[in-house]
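> Return atomic coordinates for the entry below.
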Amino acid sequence: APRGQIPRFVPSGGHKARKWPSGSVATAALAVRRFWRSADGRGVHRVKGSPLRKRSTGRNRPPVTTRLPLHWVPEVAWRQDGVFTAAQAIRAGATPKQVRRFREEGSWRRVIGVGLTRRGLAVTPGRLVQAGCLTWPGAVAAFATAAAFHSLPVPADGLFHAVVLRRRHARPGMVPHEIPLGPDDVVPVGAGAVTTPSRTVLDCLGRLSREDADRLVTWAATREIVTADLLARAIDARSPAWGTRALRRALADVDRGALSAGERRLHRLLERDRLRGWEADVQVHDGDGLIGRVDVLFPASKVVIEVDG
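Numbers count the residues shown, from 1 in each chain. Below is the predicted model of the structure:
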């Protein structure tokens, strides 16, 4: 039939006399069953045994894929550490029914919030950050979540902590926080962001027990992630905010060079017995460079004391 016209049967004498205007009757019947064009020119595709469905004519919408591989995920997932959302999958060409089938069959599993990943991928701290930030766009992973991302010695609590731009209700496994962050406190990661290692240490100190906080200060100070100057600036900026007491205690330990409970006890013994001429937490060099970092050094006597425990 001409483009844009509806083909029609023309009766010519009884129930057997149905003829096509031109061409073979069998060919015309097959064409009508498979595909026809309506008067307004929009394509309509008929699948045997199903109702007629209109094809999408939007130029910006990707074509709908009729069959997807078992391990299919949207391409954007590989820029997000393997994490994606159902909305991203639909924008990539999947149908809502296919998304539902992937989830029901276990091919996709939920990480947290709206974040999904392919079956077989472990839920790492990096994937947890991606899933949480996809759930709360604009959020910044912080506290224990950022500590796990940076491999800091902070006990995990199994929750996703994030600093949000606006008030949000807590979701299962997700805790929002509203604290100010500067541009230098944030590192972009894939589809989300996370606080820097130094900012993460400062945030976690006020939330940890005394023993865990001392361990974190020791670990961060020996790697020069936090310094006395950084702690002093943080105290001035936050005072009298919650957690400042832990920062003052950490500053006192870093200033004295006492980075563990054993070192603090040694310092008290040296001060009690009025021993002079020693320095704490000193880098020792020779002609070839750095030898190491010692707990206590008597420079005049060339004596080093190391404390374990």
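> quick check: longest strand of this protein.
Of all segments of type strand in the chain, defined using DSSP state E, the longest is strand 289-298.
> so what's residue 170 up against?
Contact analysis of residue 170 by CB atoms under 8 Å, 6 or more residues apart in numbering lists residue 176. All C-beta atoms are positioned from the backbone trio N, CA, C, and that covers glycine.
> partners of the longest strand of the chain in the sheet?
strand 279-286 (antiparallel), strand 303-305 (antiparallel) (DSSP bridges).
> Can you pull out the low-pLDDT segments for this structure?
1-66, 239-242, 309 (pLDDT under 70).
> Including distance to residue 179 and mean neighbour count, could the strands paired with strand 289-298 go into CSV?
Below are the strands paired with strand 289-298 laid out as CSV (distance: least, CB to CB, whole Å; neighbours: other CB atoms under 10 Å):
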stretch, distance to residue 179, mean neighbour count
strand 279-286, 31, 13
strand 303-305, 41, 14
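> Just tell me which of these ends up closest to residue 157.
Minimum separation from residue 157 across those (CB to CB) falls at strand 279-286, 30.9 Å.
> CA atoms only for that closest one - export them in CSV, please.
Written as CSV, here are the backbone C-alpha positions of strand 279-286 (Å, rounded to 0.1, in the frame of the first residue of the first chain):
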residue,chain,number,x,y,z
GLU,A,279,63.7,14.6,72.4
ALA,A,280,60.6,12.7,71.4
ASP,A,281,59.6,11.4,68.0
VAL,A,282,62.7,12.4,66.1
GLN,A,283,63.8,11.6,62.6
VAL,A,284,67.5,10.4,62.6
HIS,A,285,69.5,10.8,59.4
ASP,A,286,73.0,9.9,58.3
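> Contacts for that strand, please.
Residues contacting strand 279-286 (CB under 8 Å, 6+ apart): 221, 256-259, 263, 267, 290-297, 299, 304.
> related to what we said a few turns ago, could you dump the strands paired with strand 289-298 into a markdown table with distance to residue 75 added?
Below are the strands paired with strand 289-298 laid out as a markdown table (distance: least, CB to CB, whole Å):
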| stretch | distance to residue 75 |
| --- | --- |
| strand 279-286 | 49 |
| strand 303-305 | 57 |
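> Name the helix or strand for residue 251, please.
Assessed by DSSP states H and E, residue 251 sits inside helix 244-256.
> Who are the packing partners of that helix?
In terms of contacts (3 or more CB pairs under 8 Å, 6 or more residues apart in numbering; DSSP states H and E), helix 244-256 is packed against helix 197-205, helix 210-222, helix 228-238, helix 261-272.
> Buried deepest among these, which one?
Burial of the helices and strands packed on helix 244-256 is given as mean neighbour count (mean count of other CB atoms under 10 Å); helix 197-205 ranks first at a mean of 24.
> Confirm for me that residue 246 is in contact with residue 204.
No. In this structure, residue 246 is not within contact of residue 204 by CB atoms under 8 Å, at 9.2 Å.
> intersection of neighbour lists for the two?
By CB under 8 Å, 6+ apart, the residues touching both residue 246 and residue 204 are residue 213.
> hmm, back to that, buried residues, the longest strand of the chain. List them.
Across strand 289-298, burial judged by 16 or more other CB atoms under 10 Å covers 294-297.
> now do stretch 183-201
Those would be 185-187, 189-201, for stretch 183-201 by 16+ other CB under 10 Å.
> now, which of these sits nearest residue 229?
Looking at these and their distance to residue 229, the nearest is residue 198, at 11.2 Å (CB to CB).
> Next, the contact list for the nearest residue to residue 194 once chain neighbours are set aside, please.
Nearest non-adjacent residue to residue 194, counting by CB to CB, 6 or more residues apart in numbering: residue 141, 4.3 Å away. By CB under 8 Å, 6+ apart, residue 141 lies in contact with 128-129, 132-133, 149, 160-162, 192-195.
> ok so, going back, from the buried residues of strand 289-298, which is closest to residue 238?
Nearest to residue 238, judged by CB to CB, of those is residue 295 at 29.9 Å.
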